[in-house]
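Asks: Structural data only, the sequence is not supplied:
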């Protein structure tokens, strides 16, 4: 059994705490750090369960030393670096929420520090831990489908004003001097981009390294960062990766990755099923037998927790680590280097819907735009979208600091 301490008790942290309570034979929460001023519902829930509550992370880390094995950090992006470093300093291994950090310099600093202190840091990209993705990856590496030539991904979710108003960092590029780079590529749909990079690499538990990134970043909501993106990444192993996504859709588009191989075309759908169309006409379908209800996001998170526990106890390699996530952070940083500050889409292209005190914004025609870019393997500007603006390709070579070219 793993003894775990949690930093945070609200929002996603509370969600994780509730999932951990479902597996009392595998994980025991022995402490939770929660700011009393936030009056989090999770704080009281933990008190009711008899779990010790600490007002600050520093107090908790000092108290649980020698009692806890791992610190779980499901906190805002801009807090990851300092909290992870403090946890390592205090002698703990860490489970760190995705994205690991906002910038490549923070990522490199943390991974070097963890190595120096001989501590393990797993990154909670939940879908990378699923058996179906690992099975697909192993079959690609076996050469069964021939070489991978291109990956193209599409997704459309919607997020309303309540989502962007839920915290001071949501929708931000930067907050109080700390980089956040919130948006499709670095937060809700980061799972999709990380899966593309993972499937494009030539080794298990690694991501393909970007050589060049061309990105178009936009926002339909009244935010600073992006909620709609179109990326082309060329990897060091010369694979093209396309990513088209938006949080301003009329109807949600299930995340899909299409993988173009020499001997087959593969579609990885909704993170829970795979359809393989071989060039000879044969078709094969795969589902994740470890997940009872693949459409239920909770099940994938519970599976991730089980895999984190298994790898921690056995010493096996985690599916996502600070080291393996470096290409992801490079891709995100390079996307912002390529585009600069995200571009506001003119209001004439935005539909606004009031739902009580809440407001939802959609980009007119965005569903068709996403599907066209996905099927044609192009960026928005390349398919003639009126509000799209072509950006400069950013060559990634020895990339180690953000920002280099990024500016308003």
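Replies: Received the coordinates, thanks. Predicted, not measured: the structure shown is a model, and the values here were computed from it.

Asks: Report pLDDT for residue 288.
Replies: Residue 288 carries a pLDDT value of 80.

Asks: so how far is residue 342 from it?
Replies: For residue 288, the distance to residue 342 equals 34 Å [Cβ to Cβ, to the nearest Å]. Just so you know, the C-beta spots here come from the backbone N, C-alpha and C atoms, and that holds for glycine as well.

Asks: who has more neighbours, those two?
Replies: Between residue 288 and residue 342, counted using other Cβ atoms under 10 Å, residue 342 has the larger neighbour count: 24 against 20.

Asks: show me where the stretch 51-200 of the chain has helices.
Replies: With DSSP state H, counting those that start in this stretch as the criterion, the stretch 51-200 of the chain has helices at 57-64, 80-89, 104-116, 131-141, 161-164, 190-200.

Asks: Packing partners of the shortest one?
Replies: The elements that helix 161-164 packs onto, with contact taken as 3 or more Cβ pairs under 8 Å, 6 or more residues apart in numbering; DSSP states H and E, are strand 358-363.

Asks: Residue 266: neighbouring residues, count only.
Replies: Residue 266 is flanked by 23 other residues according to other Cβ under 10 Å.

Asks: Specify the local secondary structure of the residue lying closest to residue 200 once chain neighbours are set aside.
Replies: Using Cβ to Cβ, 6 or more residues apart in numbering and skipping the chain neighbours, the partner closest in space to residue 200 is residue 208 (3.8 Å). Assigned by DSSP: H, G, I helix; E, B strand; the rest coil, the conformation of residue 208 is coil.

Asks: pretty sure residue 249 is in a strand, no?
Replies: Yes. Looking at residue 249 with three-state DSSP, it is inside a strand.

Asks: about what we covered before: run through the residues that contact the residue nearest to residue 200.
Replies: The contact partners of residue 208, by Cβ atoms under 8 Å, 6 or more residues apart in numbering, come to 197-198, 200-202, 235-237, 239, 241, 327.

Asks: Please convert the buried members of those into ChimeraX selection syntax.
Replies: Of the contacts of residue 208, the buried ones go into a single ChimeraX selection, burial set by 16 or more other Cβ atoms under 10 Å:
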select :197,198,200,201,235,239,241,327
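
Asks: still on that earlier bit, now the phi/psi pair for the residue nearest to residue 200, please.
Replies: Note on residue 208: backbone dihedrals following degrees, to the nearest 10 are phi -70, psi 140.

Asks: residues in contact with the nearest residue to residue 58 once chain neighbours are set aside?
Replies: The spatially closest residue to residue 58, leaving aside those adjacent along the chain, is residue 86, at 7.1 Å (Cβ to Cβ, 6+ apart). When contacts are counted by Cβ under 8 Å, 6+ apart, residue 86 touches 57-58, 61.

Asks: which among these end up buried?
Replies: With burial judged by 16+ other Cβ under 10 Å, the buried subset of the contacts of residue 86 is 57, 61.

Asks: which one of the contacts of residue 86 sits closest to residue 167?
Replies: Residue 167 lies nearest to residue 57 out of the contacts of residue 86, by Cβ to Cβ, at 17.6 Å.

Asks: and the closest one, what is it in contact with?
Replies: 7, 33, 83, 86 are the contacts of residue 57 under Cβ under 8 Å, 6+ apart.

Asks: what about 6 Å?
Replies: Residues near residue 57 by Cβ atoms under 6 Å, 6 or more residues apart in numbering: 7, 33.

Asks: again with residue 343
Replies: With contact taken as Cβ under 6 Å, 6+ apart, residue 343 is in contact with 218, 389.

Asks: bridging residues for it?
Replies: residue 218 (DSSP bridges).

Asks: Count the residues that sit near residue 337.
Replies: So residue 337, with other Cβ under 10 Å, has 23 neighbours.

Asks: brain fart, residue 91
Replies: Applying other Cβ under 10 Å, we find 13 other residues in the vicinity of residue 91.

Asks: Can you tell me how far it is from residue 28?
Replies: 18 Å.

Asks: could you give the angle of the longest helix along the chain to helix 190-200?
Replies: Criterion DSSP state H: the longest helix present in the chain is helix 297-314. Here helix 297-314 points in a direction 50 degrees away from that of helix 190-200 (axes from the mean of the first three to the mean of the last three Cα atoms, to 10 degrees).

Asks: Helix 131-141 and helix 297-314, what's the angle between them?
Replies: 70 degrees.

Asks: Check which helices and strands helix 297-314 is in contact with.
Replies: Applying 3 or more Cβ pairs under 6 Å, 6 or more residues apart in numbering; DSSP states H and E, we find helix 297-314 packed against no helix or strand.

Asks: which residues touch residue 78?
Replies: Per Cβ under 6 Å, 6+ apart, neighbours of residue 78: 169, 175, 178, 180.

Asks: Looking at these, state which has the most neighbours.
Replies: residue 180 (24 neighbours).

Asks: For the residue nearest to residue 58, give its distance to residue 322.
Replies: Counting by Cβ to Cβ, the gap from residue 86 to residue 322 is 15 Å.

Asks: Cool, thanks, signing off.
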